[in-house]
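[1] mind folding the following:
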Amino acid sequence: MSVSEFLRFYAATDVGKVRDHNEDNFLVDKKLSLFVVADGMGGHAAGEVASAIAVRAVHEEIRREKELLDDYVAGATGASKVTTKDIVALLEHAVQRACSKIHQEAASDPTKRGMGTTLSALLVLGHQGFIAHVGDSRIYLARGARTQQVTEDHTVYNELVKRGKLTREQIEKVQQKNAITRAVGVYERVEVDTLVIELIGGDTLVLASDGLHGYLESPEELNGPLSLEGDASVKALVDLANSRGGRDNITTIVIKVGAEGAVDAAEAKRAALKRDVLANMALFARLTERELLRVMQAVQVREFKEGEVVIREGDRGDELFIVLEGKVRVSRGDQTITHLGPGEHVGEMALIRSVPRSATVTAVGGAAVLIAIRRADFFEILRKEHEVAVKMLWQFLGVLADRLDQTNSELHEMKRERAAEDLTAEIFPEVDVESIAPGPPNA
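    Residues are numbered from 1 along each chain as shown. Below is the predicted model:
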């Protein structure tokens with residue numbers, strides 16, 4: 001049963017305590033499981049126009065492809081060839097259509113010139129949440145005790161933080177630090193951030209304009225309001241923003257996954273384990289939470305029975321494997337080299353080049369659950385996520401350097417052993433070494 005069939009959602013928007021009109025817009029479509037928050041900008045009420053066009057355009061494009069969405073959900077049972085990439089492409093296309101329509105509207109009316117809007121959209125299909133995001137509205141995910149922001153703000157402040165050129169104290173003094181660096185409609189096209197996350201029973205997602213999240217010191221401040229049921233949760237969030245100033249329009253949507261009180265503890269535990277295993281690997285050690293989610297989107301979890309071969313020596317492979325649960329044996333010929341347990345990995349060279357596998361890997365001691373990352377998916381991340389690419393390639397160089405140091409140490413030790421002086425005569429001076437040395441056959 002897909003989680004998209006058990007969604008509870010609540011929405012609210014408020015003008016706040018300072019503004020005289022509301023430039024935010026939002027959408028909730030129960031049939032599509034589509035949720036959108038847009039925060040418009042521009043004079044003469046143009047921001048309200050921009051956000052309204054964006055919400056309507058995205059809705060129209062997604063609704064037009066309802067059959068595609070249904071085929072994707074049916075594909076979980078093998079009945080469709082619609083892929084995750086197809087759904088991501090649909091979301092990107094919908095946002096670009098919205099961008100084009102807003103830009104055309106602004107071009108035809110000088111009073112609306114330069115108008116635009118932020119946009120954060122969530123589409124739930126089966127067990128997955130598809131996200132498209134532009135600007136500084138946000139989407140949060142609360143799972144168990146962890147609440148995290150899963151979108152990245154497109155603001156001057158965030159760009160300066162990422163570049164690390166200034167301290168946070170220095171950035172606070174920068175004028176226009178909250179100016180957004182991307183918006184839907186200002187130009188004819190816009191770069192859209194996309195993300196796919198696995199959803200489990202008990203998850204809660206929050207879409208929020210900056211009129212709400214601008215007053216949060218940390219994502220954990222959402223936990224209190226989110227513990228409430230029904231419309232009380234969104235009312236509490238709006239009241240929180242207003243109690244702290246209410247200087248901007250406030251819009252939020254809360255989506256709770258699964259029936260009330262239902263928590264898939266087993267899936268939550270496995271998701272947390274997968275996240276922790278990846279985070280503790282040298283290759284992904286420097287990634288942020290959002291970047292880890294991006295990597296988790298690209299991995300597959302596979303189960304291997306006792307004695308089942310994961311990697312066969314001599315085969316050409318294109319996958320890195322990380323042990324999630326259980327144990328595997330690494331062998332060359334009939335000789336066991338080592339055993340690997342949770343958090344350990346094998347086959348990382350397959351991510352960058354196609355060469356024959358140097359060893360065989362087999363599940364032992366019962367079933368083993370492994371995370372697999374394919375070379376094609378790894379390259380896709382490198383192409384689309386430039387900052388992630390720099391971090392991972394830098395870490396990969398470190399892994400290769402460590403491997404080279406280890407190999408050099410082993411070679412040095414082998415040479416030292418071969419060059420070792422024979423001290424038998426000194427240790428046992430009374431023994432005639434030549435008399436006990438093996439002679440020729442039949443000697």
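
[2] how is the protein carved up into domains?
    Residue ranges for the domains of the chain, per automatic domain parsing: 3-263, 269-399.

[3] what ranges do the helices span in the stretch 101-250 of the chain?
    With DSSP state H, counting those that start in this stretch as the definition, the stretch 101-250 of the chain shows helices at residue ranges 156-163, 168-172, 210-213, 223-226, 232-243.

[4] which strand residues bridge residue 323?
    Here residue 323 sits in beta bridges with residue 370, going by DSSP bridges.

[5] mind checking pLDDT for it?
    Note on residue 323: pLDDT of 93.

[6] same question for residue 242.
    97.

[7] now the spatially most central residue of the chain: which helix or strand?
    Nearest to the centroid of the C-alpha atoms of the chain, with distances taken as Cα atoms, centre = their mean, sits residue 293, at 1.6 Å. Element membership for residue 293 (DSSP states H and E) is helix 289-298.

[8] isn't residue 241 up against residue 215?
    Yes - between residue 241 and residue 215 a contact is recorded at 5.1 Å, counting by Cβ atoms under 8 Å. For glycine as for every other residue, the C-beta is placed from the backbone atoms N, C-alpha and C.

[9] so for those two, which sits in the more crowded spot?
    residue 241 (27 against 19; other Cβ atoms under 10 Å).

[10] show me the contacts for that one.
    Shown in contact with residue 241 (Cβ atoms under 8 Å, 6 or more residues apart in numbering): 14, 16, 211-212, 214-215, 250.

[11] repeat that for residue 75.
    Residue 75 is in contact with 81-83, counting by Cβ under 8 Å, 6+ apart.

[12] I'd like the residues you listed as a markdown table, with neighbour count and secondary structure appended.
    Formatted as a markdown table, these follow (neighbours: other Cβ atoms under 10 Å; DSSP: H, G, I helix; E, B strand; the rest coil):
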| residue | neighbour count | secondary structure |
| --- | --- | --- |
| 81 | 9 | coil |
| 82 | 20 | coil |
| 83 | 11 | coil |
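
[13] let's have those residues in TSV, adding pLDDT and distance to residue 375.
    Formatted as TSV, those follow (pLDDT from 0 to 100; distance: Cβ to Cβ, whole Å):
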residue	pLDDT	distance to residue 375
81	85	22
82	89	23
83	90	18
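
[14] count of neighbours near the residue lying closest to residue 206 once chain neighbours are set aside?
    Nearest non-adjacent residue to residue 206, counting by Cβ to Cβ, 6 or more residues apart in numbering: residue 140, 4.3 Å away. Neighbourhood size, residue 140 [other Cβ under 10 Å]: 21.

[15] and residue 140, how far is that from residue 249?
    18 Å (Cβ to Cβ, to the nearest Å).

[16] how about residue 23?
    Residue 23 is 6 Å from residue 249, by Cβ to Cβ.

[17] between these two, which contacts overlap?
    Common neighbours of residue 23 and residue 249 (Cβ under 8 Å, 6+ apart) are residue 39.

[18] got the phi and psi for residue 52?
    Dihedral angles of residue 52 (phi, psi; degrees, to the nearest 10) stand at phi -70, psi -40.

[19] phi, psi of the residue lying closest to it once chain neighbours are set aside?
    Excluding the flanking residues, the one nearest residue 52 by Cβ to Cβ, 6+ apart is residue 25, at 5.1 Å. Dihedral angles of residue 25 (phi, psi; degrees, to the nearest 10) stand at phi -140, psi 150.

[20] okay, residue 25: pLDDT?
    97.
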